[in-house]
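Novice: Okay, here's the prediction I keep looking at, along with the sequence it came from:
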Amino acid sequence: MASGYFITGTDTDSGKTVVTLGLMAQLQSRGLQVLGMKPVAAGAEQTDAGLRNSDALQLQAQASRAIAYGQINPYCFEPPIAPHLAAERAGQTIDFLEIGRCFNQLAIGADRVLVEGAGGWRVPLGPAQSISDLAVLLGLPVILVVGLRLGCINHALLSAESIRASGARLAGWIGNQVDPAMQERDANIETLKQRLDIPCLGLVPWQVPLTPQAVSDCLQLPADF
């Protein structure tokens, strides 16, 4: 059975996908079989094969072996809105048991499965469930992607507090600079290191393009990651 991690962020557009791809690339460089999963995605284009989300397609392309799109992204919605609203508009219910089934299928023959959330930690996925409930159900340790911009300290500390309160294990955080003109970047990072009290697994500077290898080069993962 594969082990894995749940990748969440301080907010939408914090860089969860690019960081997940970088994590996959680094683990693959160690000779591991690595797959990515994005259980729920809102914001997709209609194709001949059905709805396709660009983030999920990138995870599919980075995978160590060919995987059907539906296993990587079992719930895909067209409008780029909150996923519980997108599901409601589509007349669907996001079933955690179905997501768990897809995860278990991916885990067969894989060394690591990295699961990327949607938005931040408390994003609703239905009337009484959220991203945090899904991560706890899957039983995966959590990596927090901190979008480095003004306000990131507050967002990161609140996210870390909520992750711990849920009972999930917070394995570390990765800073991703989303504002190229961020003032006092280094001072903000130092404050995060002091206050989060968990390992910093890497710092991704502002750069274009953010290829999986470029992100991988910015990460410092422990040998047993």
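Specialist: The structure has been received and is ready for your questions.
Novice: For this structure, just list every one of the helices.
Specialist: Under the criterion DSSP state H, the chain contains helices at 16-29, 54-62, 69-72, 83-90, 96-107, 131-138, 152-165, 185-196, 212-216.
Novice: what about this protein, any weak spots by pLDDT?
Specialist: 1-2 (pLDDT under 70).
Novice: returning to that earlier point: quick one, which of the helices of the chain is nearest to residue 116?
Specialist: Closest to residue 116 of the helices of the chain, according to CB to CB: helix 16-29, at 4.8 Å. C-beta: built from backbone N, CA, C; applies to glycine.
Novice: hmm, back to that, deepest-packed of the helices of the chain, please.
Specialist: helix 16-29 (a mean of 23; mean count of other CB atoms under 10 Å).
Novice: Centre of the chain to that one, how far?
Specialist: On the basis of CA atoms, centre = their mean, to the nearest Å, helix 16-29 sits 10 Å off its chain's mean C-alpha point.
Novice: by contact count, what packs against it?
Specialist: strand 3-9, strand 34-37, helix 54-62, strand 112-120, strand 142-148, strand 170-177, strand 200-204, helix 212-216 (3 or more CB pairs under 8 Å, 6 or more residues apart in numbering; DSSP states H and E).
Novice: Turn the ones you listed into TSV, including distance to residue 157.
Specialist: Shown next, in TSV, are the helices and strands packed on helix 16-29 (distance: least, CB to CB, whole Å):
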stretch	distance to residue 157
strand 3-9	14
strand 34-37	27
helix 54-62	26
strand 112-120	13
strand 142-148	10
strand 170-177	11
strand 200-204	14
helix 212-216	24
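Novice: Just give me the neighbour total for the nearest residue to residue 19 once chain neighbours are set aside.
Specialist: Nearest non-adjacent residue to residue 19, counting by CB to CB, 6 or more residues apart in numbering: residue 145, 4.9 Å away. Look at residue 145: counted by other CB atoms under 10 Å, it has 31 neighbours.
Novice: oh, and call the first residue 34 from now on, that's how I've got it
Specialist: That works, and once the first residue is 34, the last one we named lands at residue 178.
Novice: isn't residue 178 right up against residue 49?
Specialist: Yes: shown here, residue 178 and residue 49 form a contact pair, counting by CB atoms under 8 Å, at 5.1 Å.
Novice: shared neighbours, the two?
Specialist: Shared contacts of residue 178 and residue 49, defined by CB atoms under 8 Å, 6 or more residues apart in numbering, are found at 40, 41, 42.
Novice: any idea how far the last one lies from residue 225?
Specialist: If you measure residue 42 against residue 225 using CB to CB, to the nearest Å, the figure is 14 Å.
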